[in-house]
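A.B. asks: only the shape, not the letters, is given here:
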Ligand SMILES: [Mn+2]
């Protein structure tokens, strides 16, 4: 049996305040495009079943455009794959805190062939392929009570699908940083991958193997709180239960460029301007329509003010998003554990944490992040 495993579509995700000629946020359109490509590819691959492991939508109240597009793509999927069951669960992003909000994913129950689990953990029995899918959506895992997950002895194939952060030594080795806040924790010991034909995970945005038959499929586009940690390709998996092997299928996404870091220490504004220009001009094909970041470390604020901002504004206009991330000299040495992975700076942690807060209509999020980052900087300078 071949299982297509998708996760973390985050349809309706928005960023950067740029719109397409049709007036849709560009990143929202990117995310929809990536999903459309994935659906087309899944149809070509003709799997025996399709799993979507949560965070279908980025918010509990996605835009009408995103809802309509998702409905259309799931309809295409089931029409082009007649008789192939599709099972989806809700993630932390598409699980409302208040049950009276209702879950938008219920809409997909209207499409024949699609099964949706949003609240309790439950077995979805698929008679046609003698398979049972144990579904553990975010809300089921976030509840205090120990959710029991056991295979159904009456089914030939048992699959576990859950949305959350797996804990345990293997997981902690492989999942080096937080791509997403707000997920439920699940101990690897309570999963026991050896009991299942396949364990389909959602929540962690990088495709990751935790056991030969237990995978995070990763997100379809770069939609986490720090997209610069989401290097590598995006896409979905097809797991073959006979071969006991997973195959990753990349999906084309918006081009991102994280330029090599510059060191600002000891440079004049003119010298730094020159290095910035060289870095930007080094991008093969240019920065147009790309998401670009240039980190400059150890650069005092007064030097940043003296840079050629007219030219920087031109790059900002040319790229989809150009982030000149100028960081002041670090005042405290972080204690490294010898791990080769870069740790987030305090500023990044604060920004990521604030961006993960639930929407509050009274608070302008980016302004809050900006303020908080400024205060953290100032506190650092005062030490
Ligand atoms: Mn997610």
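C.D. replies: That came through, no problem. This one's a predicted model, so the numbers in the text were calculated from it and none came from an experiment.
A.B. asks: the helices in this structure, which residues?
C.D. replies: For the chain, helices defined by DSSP state H occupy the ranges 26-45, 64-80, 138-142, 169-174, 188-191, 269-281, 301-305, 309-318, 346-355, 365-382.
A.B. asks: and whatever residue of the stretch 51-200 of the chain ends up closest to the ion, what's its pLDDT?
C.D. replies: Relative to the ion, the nearest point of the stretch 51-200 of the chain is residue 55 (3.6 Å; C-beta to the ion). For every residue, glycine as well, the C-beta is placed using N, CA and C. Predicted confidence (pLDDT) for residue 55: 96.
A.B. asks: could you report the neighbour count for the residue lying closest to it once chain neighbours are set aside?
C.D. replies: Distances taken as C-beta to C-beta, 6 or more residues apart in numbering place residue 91 nearest to residue 55, at 3.4 Å, with adjacent residues excluded. By other C-beta atoms under 10 Å, 32 other residues sit near residue 91.
A.B. asks: how about the contacts made by residue 91?
C.D. replies: Contacts of residue 91 were listed using C-beta atoms under 8 Å, 6 or more residues apart in numbering, and they are 7, 8, 53, 54, 55, 56, 137, 138, 163, 183, 202, 203.
A.B. asks: what residue ranges in the stretch 251-383 of the chain score low on pLDDT?
C.D. replies: By pLDDT under 70, the weakly predicted segments of the stretch 251-383 of the chain are 331-343, 380-383.
A.B. asks: again, only this time at 90
C.D. replies: Applying pLDDT under 90 to the stretch 251-383 of the chain picks out residues 301, 329-383.
A.B. asks: nearest to residue 95, out of the helices of the chain?
C.D. replies: Ranking the helices of the chain by proximity to residue 95 (C-beta to C-beta) places helix 138-142 first, at 4.6 Å.
A.B. asks: which ones are touching residue 267?
C.D. replies: 275, 299, 303 are the contacts of residue 267 under C-beta under 8 Å, 6+ apart.
A.B. asks: and the chain, which of its residues are near the ion?
C.D. replies: 8, 55, 180 (C-beta under 5 Å from the ion).
A.B. asks: for the last one, which non-adjacent residue is closest in space?
C.D. replies: If I follow you right, that is residue 180. In this structure, residue 180 finds its nearest non-sequential neighbour in residue 224, 5.5 Å apart by C-beta to C-beta, 6+ apart.
A.B. asks: count of neighbours near that neighbour?
C.D. replies: 23.
A.B. asks: now residue 81
C.D. replies: Counted with other C-beta under 10 Å, residue 81 comes out at 21.
A.B. asks: equivalent analysis for residue 21, please.
C.D. replies: 5.
A.B. asks: where does it fall, phi/psi-wise?
C.D. replies: Per-residue torsions, residue 21: phi -50, psi -20 (degrees, to the nearest 10).
A.B. asks: quick one, grab the pLDDT at it.
C.D. replies: With respect to pLDDT, residue 21 scores 94.
A.B. asks: could you measure from it over to residue 30?
C.D. replies: 14 Å (C-beta to C-beta, to the nearest Å).
A.B. asks: for the residue nearest to residue 180, give its distance to residue 203.
C.D. replies: 10 Å.
A.B. asks: now the common contact residues for those two.
C.D. replies: Joint contacts of residue 224 and residue 203 (C-beta under 8 Å, 6+ apart) are residue 180.
A.B. asks: pLDDT below threshold where in the stretch 51-200 of the chain?
C.D. replies: 96-102, 120, 141-149, 167-190.
A.B. asks: go with 80
C.D. replies: 98-100, 144-148, 176-182 (pLDDT under 80).
A.B. asks: how many neighbouring residues does residue 187 have?
C.D. replies: Neighbour number of residue 187 under other C-beta under 10 Å is 11.
A.B. asks: residues contacting the closest residue to it other than its chain neighbours?
C.D. replies: Leaving aside its sequence neighbours, residue 187 sits nearest to residue 167 (C-beta to C-beta, 6+ apart; 5.4 Å). Shown in contact with residue 167 (C-beta under 8 Å, 6+ apart): 185, 186, 187, 188.
A.B. asks: quick check on these: which are buried?
C.D. replies: 186, 188 (16 or more other C-beta atoms under 10 Å).
A.B. asks: tally of neighbours for the residue nearest to residue 299 when sequence neighbours are not counted?
C.D. replies: Distances taken as C-beta to C-beta, 6+ apart place residue 264 nearest to residue 299, at 2.9 Å, with adjacent residues excluded. Residue 264 has 22 neighbouring residues, counting by other C-beta under 10 Å.
A.B. asks: all good on my end, thank you.
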